[in-house]
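>>> Return a 3D structure for these sequence lines:
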Amino acid sequence: MQTLKVQEVYLAGYENFADVATWLPRFVEEVYNAKWPHSALGYRPLNEFEPQLAQQAT
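Here you go, the predicted model:
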């Protein structure tokens, strides 16, 4: 989760827990899962991998 800390937590400057609860899920869904390649998924982002997995299951 170093990417999460470096790209969002350290740069965002959250002021309180409510800020974290609001903005951190957005970062995970819109940036981390959508754009960041994961080695365990063949260096594909999660949002690219999941539809392929679902299609294989059907």
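
>>> Please, where are all the helices along the chain?
With DSSP state H as the criterion, the chain has helices at 2-4, 10-12, 17-27, 33-35, 46-57.

>>> Take these and lay them out in CSV including mean neighbour count.
Where you see a C-beta, it was placed from the backbone N, CA and C, and this is true even at glycine. Formatted as CSV, the helices of the chain follow (neighbours: other Cβ atoms under 10 Å):
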stretch, mean neighbour count
helix 2-4, 10
helix 10-12, 10
helix 17-27, 12
helix 33-35, 13
helix 46-57, 12
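
>>> Let me have the ones you listed in CSV, extended by mean pLDDT.
Shown next, in CSV, are the helices of the chain (pLDDT from 0 to 100):
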stretch, mean pLDDT
helix 2-4, 72
helix 10-12, 74
helix 17-27, 87
helix 33-35, 82
helix 46-57, 89
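
>>> Tell me who's in contact with the residue nearest the centre of the chain.
Most central in the chain under Cα atoms, centre = their mean is Y32, positioned 2.4 Å from the mean C-alpha point. Listed by Cβ atoms under 8 Å, 6 or more residues apart in numbering, the contact partners of Y32 are 3-4, 46.

>>> now it: how far from Y10?
Look at Y32 and Y10: by Cβ to Cβ, to the nearest Å, they are 15 Å apart.

>>> close enough to count as contact, T3 and W36?
Yes - applying Cβ atoms under 8 Å as the test, T3 and W36 come out as touching, 6.2 Å apart.

>>> For burial, what's the neighbour tally of V31?
15 (other Cβ atoms under 10 Å).
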